[in-house]
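>>> sequence and predicted structure below; questions after.
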Amino acid sequence: MQLSPETRLKAILDGTGAGTWEWNLDTNDVIFNERWAGMLGYTLDELAPVTFGTWERLCHPADLALAWKALKKYLDGKGPQFECVIRMRHKNGDWRYIHTRGMLLHGTHTDQPRWLMGTHLDVTEEKVTEHRLSQLAESLPGLIYTFVMEPDGGYYFTYMSRKVEDFFGITPEEACSDAELLFQHIHPEDREAVHDSIADSFSTLEQWECDYRVINSGMTGWLRGVAKPEQEPDGKVVWQGMVMNIDDEKRLELELERLSVTDELTGLFNRRYFLRKLEETAAQQDRYGGEFSLVAVDLDHFKAINDAYGHPVGDAVLKRFGELIQRRVRKSDVVARTGGEEFLILMPQTSLENAAQVAEDLRRAIENESFVGDESQDFRVTLSAGVVSCMDEVVTVRDLLSICDRSLYRAKRQGRNRIMVQYPLSGRQA
Ligand SMILES: Nc1nc2c(ncn2[C@@H]2O[C@H](COP(=O)(O)OP(=O)(O)OP(=O)(O)O)[C@@H](O)[C@H]2O)c(=O)[nH]1
């Protein structure tokens with residue numbers, strides 16, 4: 001069966017549910033179809049006489065300017081068609097969102113009338129859904145976005161919720177017009193890792209997850225991004241994702257990490273951390289050469305101090321001694337309380353002589369320090385220490401510690417309040 005073009009056009013329009021309008025720009029005459037009126041709850045007869053004013057009267061006054069602006073843009077040749085979404089009053093009093101599209105139909109002669117013709121589609125449901133989604137996006141604690149990467153590596157955002165202003169200090173419009181504006185806010189030390197993880201997710205199509213720091217108004221914060229990639233038929237990958245602020249989590253994580261390596265009483269490192277650092281230093285020396293030294297310190301007759309003045313006074317001595325060490329070492333040195341009144345100092349890139357000097361300074365410092373007991377009696381504290389240095393010798397960390405301990409106990413045996421130096425180490429080991 002051969003259908004006429006008119007029948008086919010009518011069937012198509014009926015199928016889309018579109019209302020049609022025609023407007024003569026020269027005479028202001030208008031023609032609307034029945035569906036155009038039905039969309040707003042009327043019949044054409046009810047609206048008769050139908051004029052250009054009928055449309056104006058039904059439009060939301062605040063949206064008229066928008067429609068005129070869109071029309072001017074089209075007539076000025078700045079768009080392929082006239083297009084806008086405006087609100088129109090339904091017979092029942094509701095405002096409906098109407099998507100209006102139109103094109104100018106020119107005759108072949110300049111004296112022929114100019115007709116602007118187009119369609120009306122009711123997009124109220126879409127608008128309401130869009131509004132709900134954007135409300136939802138604003139109420140989420142995180143930022144949601146859509147990110148696209150082309151097969152040639154080019155990337156951009158097609159959607160960004162308002163939260164981007166809080167997290168990155170830029171507007172969604174700025175982020176969508178230039179993704180680089182957002183990436184520039186990522187901490188320089190984390191930027192490469194973020195790009196690498198995106199490239200990974202692009203090639204594996206596995207979920208993208210990344211913790212990174214961001215700098216916003218001079219403040220550094222921690223963010224966590226999670227996004228699910230999906231490959232399109234043309235090869236580009238689209239991620240729908242969310243970014244959350246994880247400052248509290250990171251603070252807690254760093255605090256737990258700090259606590260797990262710290263001696264609570266003195267604030268110095270604990271044995272576990274010290275041994276880790278010692279292993280690292282020994283491995284580096286093994287590989288690159290150089291020298292490092294180790295000092296083992298033990299306060300003399302500490303039990304007697306506790307017995308005479310009480311445990312809290314003993315604690316105060318340990319704390320004070322921790323401060324005295326801290327003042328005499330370099331930032332790169334590692335100081336730990338490894339037992340009750342035992343301390344270890346690791347000094348990378350330090351000769352035996354220099355380490356022995358530090359130990360001797362410390363011995364004198366504690367000797368000259370006056371401590372006060374609970375009944376205001378003054379008392380003195382001394383220390384014994386063993387010093388060892390490791391240069392070319394390959395010894396295990398365990399052996400190094402026990403050599404250092406042996407020196408310390410020699411100092412104890414020889415009367416305390418002294419430093420014993422062990423050099424050179426003997427007995428190379430694999
Ligand atoms: N106040 C206090 N005392 C502690 C702490 N940890 C261990 N001690 C005490 O330190 C004392 C160590 O005593 P010893 O190992 O006998 O050594 P010392 O009395 O210092 O004798 P020498 O090391 O041989 O000079 C013990 O009495 C422990 O109870 C602590 O955190 N605070």
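Structure's in. What do you need?

>>> from here on, contacts and neighbour counts on C-alpha atoms
Fine.

>>> where are the low-confidence patches of this protein?
1, 107-111, 392-394, 423-430 (pLDDT under 70).

>>> apply 80 and report the result again.
By pLDDT under 80, the low-scoring segments of the chain are 1-2, 9-10, 13-14, 106-113, 374-376, 392-395, 423-430.

>>> domains of it?
Taking automatic domain parsing as the reference, the chain has its domains at 5-129, 140-251, 262-422.

>>> endpoint to endpoint, the shortest one covers what distance?
Its start and end residues considered, domain 140-251 measures 22 Å (CA to CA, to the nearest Å).

>>> what is the distance between that domain and the centre of its chain?
Shown here is domain 140-251, whose average C-alpha point lies 8 Å from the average C-alpha point of the whole chain (CA atoms, centre = their mean, to the nearest Å).

>>> how much space separates Leu116 from the ligand?
With the distance defined as CA to the nearest ligand atom, to the nearest Å, Leu116 ends up 90 Å from the ligand.

>>> got a list of what that residue touches?
Contacts here follow CA atoms under 8 Å, 6 or more residues apart in numbering; on that basis Leu116 touches Glu22, Trp23, Asn24, Leu25, Gly102, Met103, Leu104, Leu105.

>>> show me how to select, in ChimeraX, the buried members of those residues.
In ChimeraX, the members of these classed as buried (16 or more other CA atoms under 10 Å) are selected with the following command:
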select :22,23,24,102,103,104
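
>>> okay, and which of the contacts of Leu116 map to helices?
Mapping the contacts of Leu116 onto helices (DSSP state H) picks out no residues; all lie outside.

>>> pick the one among the contacts of Leu116 closest to Phe168.
Closest approach between the contacts of Leu116 and Phe168, by CA to CA: Gly102, at 39.8 Å.

>>> would you confirm that that closest one contacts Leu121?
No: the pair Gly102 and Leu121 fails to qualify as a contact (CA atoms under 8 Å) at a distance of 11.6 Å.

>>> list phi and psi for the nearest residue to Gln207 once chain neighbours are set aside.
Of all residues beyond its chain neighbours, the one nearest Gln207 is Lys228 (4.8 Å), with distances taken as CA to CA, 6 or more residues apart in numbering. Per-residue torsions, Lys228: phi -100, psi 120 (degrees, to the nearest 10).

>>> what's the neighbour count on Lys228?
Under the neighbour criterion other CA atoms under 10 Å, Lys228 is assigned a count of 17.

>>> and the strands in the stretch 201-350 of the chain?
Using DSSP state E, counting those that start in this stretch, the strands assigned to the stretch 201-350 of the chain run over residues 208-216, 219-231, 237-245, 292-299, 334-337, 342-348.

>>> nearest to Val317, out of these?
Comparing those under CA to CA, the one sitting nearest is strand 292-299, at 9.7 Å.

>>> list the beta-bridge partners for the residue nearest to Asp247 when sequence neighbours are not counted.
With CA to CA, 6+ apart as the measure, Trp222 is the residue that lies nearest to Asp247, at 5.0 Å, once sequence neighbours are left out. Bridge pairing for Trp222 (DSSP bridges) gives the partners Arg213.

>>> distance of Trp222 relative to Phe147?
Using CA to CA, we find Trp222 at a distance of 20 Å from Phe147.

>>> nearest residue to the residue in the stretch 101-250 of the chain that the ligand sits nearest to other than its sequence neighbours?
With CA to the nearest ligand atom, the shortest gap between the stretch 101-250 of the chain and the ligand falls at Lys250, namely 30.1 Å. Leaving aside its chain neighbours, Lys250 sits nearest to Trp222 (7.1 Å; criterion: CA to CA, 6+ apart).

>>> neighbours of the one you found, how many?
For Trp222, the number of neighbouring residues by other CA under 10 Å comes to 20.

>>> list the contacts of it.
Contacts here follow CA under 8 Å, 6+ apart; on that basis Trp222 touches Asp211, Tyr212, Arg213, Val214, Asn245, Ile246, Asp247, Lys250.

>>> in the one helix or strand Glu130 maps to, what's buried?
Counting by DSSP states H and E, the element that carries Glu130 is helix 124-139. Along helix 124-139, these residues count as buried under the neighbour rule (16+ other CA under 10 Å): Thr124, Ala137.

>>> which helices and strands does it pack with?
Other elements packing on helix 124-139 under the criterion 3 or more CA pairs under 8 Å, 6 or more residues apart in numbering; DSSP states H and E are strand 95-105.

>>> next one: Lys127 from Ile86, what distance?
Summarising the geometry, the distance separating Lys127 from Ile86, computed by CA to CA, is 11 Å.

>>> next one: Ser203
Distance of Ser203 to Ile86, given as CA to CA: 43 Å.

>>> the more surrounded of these two?
Neighbours per residue, other CA under 10 Å: of Ser203 and Ile86, the larger number sits with Ile86, 22 against 11.

>>> in the sheet, who's paired with the more buried one?
Beta-bridge partners of Ile86, counted by DSSP bridges, are Ile98.

>>> CA-only coordinates of stretch 180-195 in CSV, if you can.
In CSV, the C-alpha atoms belonging to stretch 180-195 read as follows (Å, rounded to 0.1, in the frame of the first residue of the first chain):
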residue,chain,number,x,y,z
GLU,A,180,42.1,20.4,33.2
LEU,A,181,40.8,23.0,35.6
LEU,A,182,39.8,20.2,37.9
PHE,A,183,42.9,18.1,37.5
GLN,A,184,45.0,21.2,38.4
HIS,A,185,43.6,21.1,41.9
ILE,A,186,44.9,17.6,42.5
HIS,A,187,48.0,17.7,44.7
PRO,A,188,51.1,17.7,42.4
GLU,A,189,52.4,14.6,44.1
ASP,A,190,49.2,12.6,43.5
ARG,A,191,48.3,13.8,39.9
GLU,A,192,50.4,11.2,38.1
ALA,A,193,48.9,8.4,40.2
VAL,A,194,45.4,9.6,39.4
HIS,A,195,46.1,9.7,35.7
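
>>> touching, Asn92 and Gly41? I think so.
Yes: contact status for Asn92 versus Gly41: in contact at 7.3 Å, counting by CA under 8 Å.

>>> neighbour count winner among the two?
Ranked by neighbour count (other CA under 10 Å), Asn92 and Gly41 place Gly41 first, with 15 against 9.

>>> please, which helix or strand holds the closest residue in space to the more buried one that isn't next to it in sequence?
Counting by CA to CA, 6+ apart, the nearest residue to Gly41 once its immediate chain neighbours are dropped is Lys91, at 5.2 Å. Lys91 belongs to no helix or strand when elements are defined using DSSP H and E.

>>> what about Lys91, neighbour count?
Around Lys91 sit 14 other residues, with neighbours defined as other CA under 10 Å.

>>> next one: it from Thr20, what distance?
As for Lys91, its distance to Thr20 is 18 Å (criterion: CA to CA).
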